[in-house]
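[1] Structure of the sequence below:
(chains A, B, C, D, E and F)
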There are 4 protein chains.
Amino acid sequence: MPVAASARRHARTLQAGGKRDLILKAATKLFARRGFFNAQVADVAREAGIAAGTVYLYFKSKDDLLISIFERTMRQGMEDARQALEGVSDPITRLRLLANLHLDRLGQDHDLAVVFQVELRQSIKFMERFTSTLLRDYLHAIRDAIADAQSAGYFRAEVSPSFAAKTLFGALDEMATNWILSRRHYALAGQADEVVDLFVRGMQR
Amino acid sequence: MPVAASARRHARTLQAGGKRDLILKAATKLFARRGFFNAQVADVAREAGIAAGTVYLYFKSKDDLLISIFERTMRQGMEDARQALEGVSDPITRLRLLANLHLDRLGQDHDLAVVFQVELRQSIKFMERFTSTLLRDYLHAIRDAIADAQSAGYFRAEVSPSFAAKTLFGALDEMATNWILSRRHYALAGQADEVVDLFVRGMQR
Amino acid sequence: MPVAASARRHARTLQAGGKRDLILKAATKLFARRGFFNAQVADVAREAGIAAGTVYLYFKSKDDLLISIFERTMRQGMEDARQALEGVSDPITRLRLLANLHLDRLGQDHDLAVVFQVELRQSIKFMERFTSTLLRDYLHAIRDAIADAQSAGYFRAEVSPSFAAKTLFGALDEMATNWILSRRHYALAGQADEVVDLFVRGMQR
Amino acid sequence: MPVAASARRHARTLQAGGKRDLILKAATKLFARRGFFNAQVADVAREAGIAAGTVYLYFKSKDDLLISIFERTMRQGMEDARQALEGVSDPITRLRLLANLHLDRLGQDHDLAVVFQVELRQSIKFMERFTSTLLRDYLHAIRDAIADAQSAGYFRAEVSPSFAAKTLFGALDEMATNWILSRRHYALAGQADEVVDLFVRGMQR
DNA sequence: TATGAATGAGCCTTCATTCAT
DNA sequence: AATGAATGAAGGCTCATTCAT
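    Purely as a prediction, here's the structure:
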């Protein structure tokens, strides 16, 4: 019954999109605070104020919850990025924007940050999914900006743009991980420019 | 089962008191290939050629296996680093050595690298342990070299050494993670110098 | 497995919310016949016609099963006693009623008797729970009747009522234990009056 | 090799009887304090100051430890009783002596009392062994004294001696159980006469 | 859609016992 | 006789998922 199923899913998306989000928010909170393996589906349901079985009306499995958190955030993040970058042609400004958006998003939701920096890296299985999507879209955006900066003569051309992109991403990622593990309270987003500055200097001719 | 028995005796004879190491090696392999949660203690025992219960003569729990892999590697790594850095006074050379040792160690044992880059980051619980030791010792070594380079006038003084250290570590860490997730075969250690080069350029006056 | 399914539904329909009781009955049977330590939770579940996990929806642990058998029986026994004694003022008649109810209850359910006379006395832990409830309520009832009989001049006053109560309880308890260990078939309750007779004679002035 | 085995056992009994007792004493202590099922053979060995495997040179199994505690105590108890009763012809004095010896023995060794009153009653299996020996020898001694008292015209003849014996034993047994569960410190043996007094009064013509 | 009681496979850990030394 | 490291069977409990209502 693909037709019925598709119709159902459509209706669900429209009408009950709110409940899907509700569950995802609850899952984010619990995965962050207890860890993916220790958080039980029943807990997520309770946190969302629904019955355990209801989770399975919206998600295929517990894994699907984690994947959905990731995908929703990524989709939204890429959308934001596309908008923010629209009309910005200077490659270094683009890098700066990307870095700021990245840390800003995580810095605004601690639970989400924990899920991204810790829980999603549970297993090679998730890691690979994580990597093949995050890096394919987000890293490509960074890489392209770097390549542009090289073409424009701002950056040294002898460094591989893809290698450089990983370097930048790694530094930003480390900032995020440090932030969630730190007991001090500071704005994560504030470090985006610092990291980019250091990176740009390293890349300049 | 004379074969198993003979194998067992052989292992025993060779490894002497090294049954702990034998188990740890088996655990590293299985945790890397199946994931910590999916690898069963019984599998680890089988891989090590011993009975399941024997694991518990050497380790308190399954968690303890993971923690022990981490601690043994860290202890050894720090020792190696101390030796390698002995008598090396140039701070940039020190950075280069640290980065090379780091990627070299992981690049030589794929299973170990997977455990370090993926499995150990399962949960905040392990992450914190990981961080409070790895970063306290290893990052401090990086930070000190950076501070020395600043004092010596090689590096700009306005960048916080601790921030810069995180940047460098993040970039190296990302290289390691990319390496284990990559299907291509290349020498991880080969990237250490590239990363350091980029970093040094970024830090120079 | 339509048969199992149908049986399950049947049990459910009949017992209504009485699944707890169903499990308790199964546990009583198995604990009695195999002993608490040798009876497995899975066996209890199978006997009750439910899945192993279901037991844990109703009871915290295997220990909790044993404790619950005890508590349910005690609660019911005390209730029965209260009703039976209502309006009975003669202290010796009260003693006779208590003794008869005690042995009658056990004599009617061999499995329950085994659990009470044998399995519940497994360990100091259970014994203390057993004692602090059984003796505090049941023994007190006996003691009070004895004290009344002393006040009324039926019984010698120089014997401590609490000591006398233990004596009587001990004799009844021994009858119960002998009964469950005996291979002969006889009515346990029939010994209540004999024991009380002997006791009353011993206490009379 | 029954001959060799027998020779070995003989030597063992003579020379190493001390070690057997040592183990039995350790077992009594641990069974009493932790319960038979929670006490581990390794603990018993440690308490006795020997290696775990050594226990099995003296006892067939863990069960055998418990049974041996029982049998050693019973054998000794019956021997003591035989000596004490030698030349005592008055049946009521005999009862008094038996009761005193019984409570005295338990009252002198709290751990032993716990094993007898609690641990030995773990399961029907032990209970039956317990009963078929303790009751066959000890209860018979009581029963015979009672029958003598009846023949001599001290006791009413219409009460079955065997029933009466159980009554007396039950009362004494309850005193012992109460004593081990009590937090107060009092001499258990002191209650023997009180119990016998009450019993004798109940039996008198 | 929603419920939540029920399922049952799965796994860590314990510990009595053995046996090479 | 003694050791104690090794064994491996066994079982309590959890929890993702299903399904009758």
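[2] tell me the contacts of A:Asn38?
    Shown in contact with A:Asn38 (CB atoms under 8 Å, 6 or more residues apart in numbering or on different chains): B:Ser123. C-betas here are computed from N, CA, C, even on glycine.
[3] mind checking how far it is from A:Ala26?
    Using CB to CB, to the nearest Å, we find A:Asn38 at a distance of 15 Å from A:Ala26.
[4] cool, A:Gly107 as well?
    To A:Ala26, A:Gly107 is 21 Å away according to CB to CB.
[5] Please, where are all the helices along chain A?
    A:2-34, A:41-48, A:52-58, A:62-85, A:91-108, A:110-117, A:124-130, A:140-151, A:161-181, A:190-203 (DSSP state H).
[6] And chain A, what are its domain boundaries?
    Domain assignment for chain A, taken from automatic domain parsing, gives A:1-59, A:62-203.
[7] so, in contact with DNA strand E or not, the longest one?
    No: in terms of CB under 7 Å from any atom of the strand, no part of domain A:62-203 sits within range of DNA strand E; the closest distance is 12.5 Å.
[8] Same check on stretch A:29-39?
    No: residues of stretch A:29-39 contacting DNA strand E under CB under 7 Å from any atom of the strand: none, with a closest distance of 11.0 Å.
[9] ends of that stretch, how far apart?
    10 Å (CA to CA, to the nearest Å).
[10] circling back: looking at the helices of chain A, spot the one closest to C:Gln117.
    Nearest to C:Gln117, of all the helices of chain A, is helix A:41-48, at 40.3 Å by CB to CB.
[11] Pull the number of nearby residues for whatever residue of chain A ends up closest to DNA strand E.
    Using CB to the nearest atom of the strand, the closest approach of chain A to DNA strand E is made by A:Gly53 at 1.7 Å. As a burial measure, A:Gly53 scores 10 neighbours (other CB atoms under 10 Å in any protein chain shown).
[12] Roughly how far does it sit from A:Lys19?
    According to CB to CB, A:Gly53 stands 13 Å off from A:Lys19.
[13] What is the neighbour count of A:Gln83?
    10.
[14] What of the one 4 residues further on?
    The criterion is other CB under 10 Å. On that basis, A:Gly87 has 6 neighbouring residues.
[15] Return the per-residue confidence for it.
    Note on A:Gly87: pLDDT of 94.
[16] Regarding it, what are the backbone dihedral angles?
    phi 80, psi 0 (degrees, to the nearest 10).
[17] just A:Phe59 next, same as before
    Main-chain torsions, A:Phe59, degrees, to the nearest 10: phi -140, psi 140.
[18] wait, doesn't it sit right on A:Ile69?
    No: contact between A:Phe59 and A:Ile69 fails when scored by CB atoms under 8 Å: they sit 10.3 Å apart.
[19] Between the two, which is the more surrounded one?
    Neighbour count, other CB under 10 Å: between A:Phe59 and A:Ile69, A:Ile69 has more, with 23 against 20.
[20] For the more buried one, give me its contacts.
    A:24, A:27-28, A:31, A:112, A:115.
[21] Could you rerun that using 10 Å?
    A:Ile69 is in contact with A:23-25, A:27-28, A:31-32, A:111-112, A:115-116, A:119-120, counting by CB atoms under 10 Å, 6 or more residues apart in numbering or on different chains.
[22] for the closest residue to A:Phe70 other than its chain neighbours, what are its contacts?
    Once flanking residues are discounted, A:Phe70 sits nearest to A:Leu120: 5.9 Å by CB to CB, 6 or more residues apart in numbering or on different chains. A:Leu120 sits next to A:31, A:36, A:66-67, A:69-70, A:73, A:114, A:126-127, A:129-130, A:134, B:121 when contact means CB under 10 Å, 6+ apart.
[23] Looking at those residues, state which has the most neighbours.
    A:Phe31 (28 neighbours).
[24] Look up how far A:Ser68 lies from that one.
    Distance of A:Phe31 to A:Ser68, given as CB to CB: 11 Å.
[25] and the domains of chain A, which one's lowest on average pLDDT?
    Minimum mean pLDDT among those: domain A:1-59, a mean of 81.
[26] mind checking how far A:Ile146 is from chain D?
    64 Å (CB to the nearest CB, to the nearest Å).
[27] Likewise for A:Ile67?
    In this view, A:Ile67 and chain D are 45 Å apart by CB to the nearest CB.
[28] And A:Val200, by the same measure?
    From A:Val200 to chain D the distance is 65 Å (CB to the nearest CB).
[29] Help me confirm that that residue comes into contact with A:Phe155.
    Yes: A:Val200 lies in contact with A:Phe155 (CB atoms under 10 Å); the separation is 8.0 Å.
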